[in-house]
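Trainee: kindly return the folded structure for what I paste below:
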Amino acid sequence: MTEFIPPGTRWFDLPSPFPMKRGGELHGARVAYETWGTLNAARDNAVLIVTGLSPDAHAASNEANPEPGWWEAMLGPGKPIDTNRWFVICANSLGSCKGSTGPASINPLTGALYRLDFPDLSVEDGADAAAHLVRGLGLDRIACLIGNSMGGMTALAFLLRHPGLAQHHINISGAAKALPFSIAIRSLQREAIRLDPNWNHGQYDDAHYPESGMRMARKLGVITYRSALEWDGRFGRVRLDSDRADEDPFGLEFEVESYLEGHARRFVRRFDPNCYLYLSRSMDWFDIGEYCATRQNGEADTRAGLASIRIGKALAIGVHTDILFPLQQQEEIAEGLRAGGAEATFLPLPSPQGHDAFLVDIARFGPAVEGFLNTL
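Mentor: A predicted model of the protein is given here:
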């Protein structure tokens, strides 16, 4: 399979060997990243963005790549994350197929693709890789760490495992642990991929790609990334213009079905299935409470794990319509960080756009992020 690396990507070489949390190690591993703005003389204006499952490091256009990035409206000169003030770094997740080392990369010890020989991947491994990148860029501390979705998990692991490396934190639609509903959805996504005959225990190629499995996995994901309110408002029960073909009596009939199909087809050949499996499972395993000896009702004490993080100011943002990382998880983050001494704020937003609101509802998220950064 092919890695999908945007133009302008830069790389940082991780220490070799790079130990993984759940065992095993990587050799010759690297992290893909991009930067915007200028590091000031005091070297105290750096902001690091750690991403969700699928984005690459190209968060916004820059000189090396003028194409719009996945957070174009949020990042740039005069925008909420103002690159006239901040030196911004965006790191692609370890385990991805967008430039950082993952299952779709060549294992330098064998000369073949890692595939399922890639070591078990944890959110903490991504956090450690991002911390190495920060230090490798000559930074003793970053002004603010921003994490979206899975990146919100990565950011919390970063703060706990690398104390003092970040002064402040914005957690957007993130979580301190995986909840049963989210685990169930991701389990179904992984099953759809694994049951596709073309997956072949991870031994597929471009000619035998598990397209059906990836389409189903992506559709399940997109359904949970938005809200029922938005689905109803955007599509209602509008039917497609064309009648169903006789040879496909259960084919696409409603506009919402056509939207999901088109979205899935645009995604499937742009993301490696094995990388999807590894990154998805890493979220299910994550629980910040595992770092504390205390237990609550026999489970890891998430609040105690959060309270062990030392950070200055923090902002946890979520939306009422998010079913994948529900609002109580961002409230839990703010309360836990506050218990650890942080000046932490919880901001619930009334966006109708569900988990993906931070990507599209810039009218709400932009002022919140900008307002927090202006206090630093």
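
Trainee: now do the helices in the chain.
Mentor: 123-136, 150-161, 180-194, 211-225, 228-235, 255-268, 273-285, 302-307, 327-339, 357-360, 362-373 (DSSP state H).

Trainee: list the buried ones in the second one?
Mentor: For helix 150-161, a neighbour-count test (16 or more other Cβ atoms under 10 Å) marks 150-160 as buried. All C-beta spots, glycine's among them, are computed from the backbone N, C-alpha and C.

Trainee: closest to residue 120 among these?
Mentor: residue 157 (15.1 Å; Cβ to Cβ).

Trainee: circling back: which one of the helices of the chain has the lowest average pLDDT?
Mentor: Among the helices of the chain, helix 228-235 has the lowest mean pLDDT, at a mean of 81.

Trainee: shouldn't residue 356 be in contact with residue 226?
Mentor: Yes. Contact criterion Cβ atoms under 8 Å: residue 356 and residue 226 qualify, at 5.9 Å.

Trainee: wait, which of the buried residues of helix 150-161 is closest to residue 132?
Mentor: For the buried residues of helix 150-161, the nearest to residue 132 is residue 158 (10.8 Å; Cβ to Cβ).

Trainee: find the nearest non-adjacent residue to that closest one, please.
Mentor: residue 127 (4.0 Å; Cβ to Cβ, 6 or more residues apart in numbering).

Trainee: domains for this protein, by residue range?
Mentor: 10-178+288-373, 183-280 (automatic domain parsing).

Trainee: show me where pLDDT drops low in the stretch 1-150 of the chain?
Mentor: Filtered on pLDDT under 70, the stretch 1-150 of the chain yields the residue ranges 1-2.

Trainee: can you give me the strands in it?
Mentor: If DSSP state E, counting those that start in this stretch is used as the criterion, the strands of the stretch 1-150 of the chain fall at 10-13, 18-19, 25-26, 30-36, 46-50, 75-76, 81-82, 87-91, 142-148.

Trainee: give me the residues contacting stretch 141-149.
Mentor: When contacts are defined by Cβ atoms under 8 Å, 6 or more residues apart in numbering, stretch 141-149 is touched by residues 44-53, 81, 86, 89, 134, 153-156, 158-159, 164-174, 325, 355, 358, 369, 373, 376.

Trainee: which among those residues end up buried?
Mentor: By 16+ other Cβ under 10 Å, the contacts of stretch 141-149 give 45-53, 81, 86, 89, 134, 153-156, 158-159, 165-174, 325, 355, 358, 369, 373 as buried.

Trainee: please verify my assumption that residue 190 contacts residue 283.
Mentor: No. In this structure, residue 190 is not within contact of residue 283 by Cβ under 8 Å, at 11.1 Å.

Trainee: more neighbours, those two?
Mentor: residue 283 (22 against 19; other Cβ atoms under 10 Å).

Trainee: the more buried one against residue 53, yeah?
Mentor: Yes. In this structure, residue 283 is within contact of residue 53 by Cβ under 8 Å, at 7.5 Å.

Trainee: residues near residue 331, how many?
Mentor: Number of residues near residue 331 (other Cβ under 10 Å) recorded here: 15.

Trainee: excluding its backbone neighbours, what's nearest it?
Mentor: Take residue 331 and drop its neighbours on the chain: the residue closest to it by Cβ to Cβ, 6+ apart is residue 346, 4.9 Å away.

Trainee: and residue 30, by the same measure?
Mentor: Here the residue nearest residue 30, using Cβ to Cβ, 6+ apart, is residue 11, at 4.6 Å.

Trainee: with residue 214 instead?
Mentor: That would be residue 268: by Cβ to Cβ, 6+ apart, it lies 4.1 Å from residue 214.

Trainee: please list all residues in contact with residue 309.
Mentor: Taking Cβ under 8 Å, 6+ apart as the test, what residue 309 contacts is 156, 159-160, 163, 336-337, 340, 342.

Trainee: gap between it and residue 52?
Mentor: 21 Å (Cβ to Cβ, to the nearest Å).

Trainee: now do residue 201
Mentor: 27 Å.

Trainee: cool, residue 280 as well?
Mentor: Residue 280 is 11 Å from residue 52, where distance means Cβ to Cβ.

Trainee: which residues are in contact with each of the two?
Mentor: With Cβ under 8 Å, 6+ apart, residue 280 and residue 52 have no common neighbours.

Trainee: distance from the chain centre to stretch 64-77, please.
Mentor: 17 Å (Cα atoms, centre = their mean, to the nearest Å).

Trainee: how many other residues sit next to residue 128?
Mentor: 23.

Trainee: give the contact list for the closest residue to it other than its chain neighbours.
Mentor: In this structure, residue 128 finds its nearest non-sequential neighbour in residue 161, 6.5 Å apart by Cβ to Cβ, 6+ apart. Residues counted as contacts of residue 161 (Cβ under 8 Å, 6+ apart) are 124, 127-128, 131.

Trainee: can you pick the most crowded of those residues?
Mentor: residue 127 leads those on contacts (other Cβ under 10 Å) with 28 neighbours.

Trainee: name the nearest residue to the residue most central in space within the chain, ignoring sequence neighbours.
Mentor: Closest to where the C-alpha atoms of the chain average out (Cα atoms, centre = their mean) is residue 52, at 0.8 Å. The spatially closest residue to residue 52, leaving aside those adjacent along the chain, is residue 149, at 3.5 Å (Cβ to Cβ, 6+ apart).

Trainee: next, count neighbours for that neighbour.
Mentor: 26.

Trainee: surely residue 255 touches residue 241?
Mentor: No. Residue 255 is beyond contact range of residue 241, at 9.5 Å (criterion: Cβ under 8 Å).

Trainee: run a quick neighbour tally on the closest residue to residue 327 other than its chain neighbours.
Mentor: Leaving aside its chain neighbours, residue 327 sits nearest to residue 318 (4.5 Å; criterion: Cβ to Cβ, 6+ apart). Applying other Cβ under 10 Å, we find 29 residues neighbouring residue 318.
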